[in-house]
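In: I would like the atomic coordinates for the input below:
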Amino acid sequence: MSTRIRAAIVRVAALVMVGAVPAHAQSAHSASLIAFVTNEASNDVSVVDLDARKVVATIAVGGRARGVQASPDGRTIYVAVSDASPTVESSVDAIVAIDAASRRITARIEAGSDPEQLALSVDGKRIFAANEDAGTATAIEIGRRRTISSAVVGIEPEGVAASPDGRWVFVTAETSNSVSMIDARTAKVLGNVLVDIRPRAVAFSPDSRRAYVTAEIGGSLTLIDVRTRAVVTTLPLENGAGKPVGVAVSPDGSRVWVANGAAGRVSVVDARATRVLATIPVGRRPWGIAIAPGGAMVVTANGMTNDISVIDAKTMREIGRVPVGMRPWGVAIVRAR
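Out: Below is the predicted model of the structure:
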């Protein structure tokens, strides 16, 4: 091989390597994580850059902001907004849609009275909202922004989750101590399961075979077999005194993360063995909890310290806190675009 050809090959290789660096850097940058945190007392949403650990935007939503979910593609954030008084039916009651990239409100969708938590169907075409004061669960077609149905569930419904296989929507009812099982396609209630006292939130395993329900007054985590519609076991947390509220399941289904509001800690549960692996101190009254895409990071919304806790999922340690709005309630995490 001649010296000239050899030199040309080296130059081409160098150009390829140089060109690869910016592409990698852009990929790493685009993979940064953004948290959308609802603040129920300041009526807004804090947008947090989790890599920089700082608030980069605040979005006023015009009412009490609680439940929050991202669309399956991460492009839209949906926030449940209601009046501060649960006994007053208000025009502010709605699901607010926020463009995740521009951070602008793109729609306000009617969702029944006092929507508290919400879930999206696996195809992103429907929203299911729990209407706390009405005792109903409202199914909404996002494209047409219209209500499909309003199903009667338990008393004071709160938590909502849609199964990854697209078949089920589970709704917890904190006063009747029950979970309503709704057919996601027909939006009809097919059954109810009694659980521990004051169930707050529910989350499915990735294979949709299990559902995990927190019970605030019962101080426990209940495991439901979805196929048999029966309680498998109930695991006490924090000796029953932690008042668990938010719950999230890791992408691989191996761990269940539970926010214990009264204890100011997060319980990490081994899903296979149904036992507590670790207890992590966070801010005061952690409520909502979310796992970042990829599963490397967990975030809690700490209502009494007006901040979020950032947890390393591998080491199971808090690695930072970020001040947000007043009385943060829920959190959803997407990749920056």
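
In: going by C-alpha atoms from here, please, whenever you check contacts or count neighbours.
Out: Fine.

In: where does pLDDT dip in this structure?
Out: Low-confidence segments of the chain (pLDDT under 70): 1-31, 85-90.

In: one more pass at 50, please.
Out: 3-30 (pLDDT under 50).

In: which residue ranges form the helices in it?
Out: Ranges of helices in the chain, per DSSP state H, are 3-30.

In: so residue 107 touches residue 96, yeah?
Out: Yes: Residue 107 lies in contact with residue 96 (CA atoms under 8 Å); the separation is 5.9 Å.

In: if residue 257 is in a bridge, with which residues?
Out: Judged by DSSP bridges, the bridge partners of residue 257 are residue 248, residue 268.

In: can you check residue 234 too?
Out: Per DSSP bridges, the residues bridged to residue 234 are residue 222.

In: number of nearby residues for the nearest residue to residue 291 once chain neighbours are set aside?
Out: The shortest distance from residue 291 to any non-neighbouring residue, by CA to CA, 6 or more residues apart in numbering, is to residue 298 (4.5 Å). Here the number of neighbours of residue 298 (other CA atoms under 10 Å) works out to 23.

In: about what we covered before: more crowded one of residue 107 and residue 96?
Out: For residue 107 versus residue 96, neighbours defined as other CA under 10 Å are more numerous around residue 96 (23 against 15).

In: OK, contacts around that one?
Out: 61, 78-81, 105-109 (CA atoms under 8 Å, 6 or more residues apart in numbering).

In: what of residue 285?
Out: The contact partners of residue 285, taken as CA under 8 Å, 6+ apart, are 260-264, 302-305.

In: among the residues you listed, name the ones in strands.
Out: Applying DSSP state E to the contacts of residue 285, the entries found in strands are 260, 302.

In: by neighbour count, which of the contacts of residue 285 wins?
Out: residue 260 (32 neighbours).

In: show me what contacts that one?
Out: By CA under 8 Å, 6+ apart, the neighbours of residue 260 are 242-246, 266-267, 285-287.

In: spatially, which two of the residues you listed are the most separated?
Out: 267 and 285 (13.4 Å; CA to CA).

In: circling back: and of the contacts of residue 96, the nearest to residue 122?
Out: Among these, and counting by CA to CA, the member closest to residue 122 is residue 78, at 14.4 Å.

In: check the spacing between the closest one and residue 125 real quick.
Out: 12 Å (CA to CA, to the nearest Å).

In: now do residue 59
Out: Residue 59 is 24 Å from residue 125, by CA to CA.

In: settle it for me: which of these two has more neighbours?
Out: Using other CA under 10 Å, the more surrounded residue of residue 59 and residue 125 is residue 59, with 17 against 14.

In: beta partners of the more buried one?
Out: Assessed by DSSP bridges, residue 59 has beta-bridge partners residue 45.

In: so it touches residue 103, yeah?
Out: Yes: between residue 59 and residue 103 a contact is recorded at 7.3 Å, counting by CA under 8 Å.

In: what's the spacing between residue 314 and residue 39?
Out: Residue 314 sits 28 Å away from residue 39, going by CA to CA.

In: among those two, which residue is more densely surrounded?
Out: Set residue 314 next to residue 39 and count neighbours by other CA under 10 Å: residue 39 wins out with 30 against 10.

In: what residues are bridge-paired with the more buried one?
Out: Bridge pairing for residue 39 - DSSP bridges - gives residue 44, residue 328.

In: quick one: contacts for it?
Out: Counting by CA under 8 Å, 6+ apart, residue 39 touches 45-46, 64-66, 324-330.

In: if we can go back for a sec, so which of the contacts of residue 260 comes closest to residue 146?
Out: Using CA to CA, those come closest to residue 146 at residue 246, 28.5 Å.

In: hang on, that closest one packs against residue 291?
Out: No: if you go by CA under 8 Å, residue 246 and residue 291 don't touch, sitting 11.5 Å apart.

In: who has more neighbours, those two?
Out: residue 246 (29 against 23).

In: quick one: contacts for that one?
Out: Contacts of residue 246 by CA under 8 Å, 6+ apart are 200-202, 214, 258-260, 286-289.

In: from residue 93, how far out is it?
Out: For residue 246 relative to residue 93 (CA to CA), the value is 22 Å.
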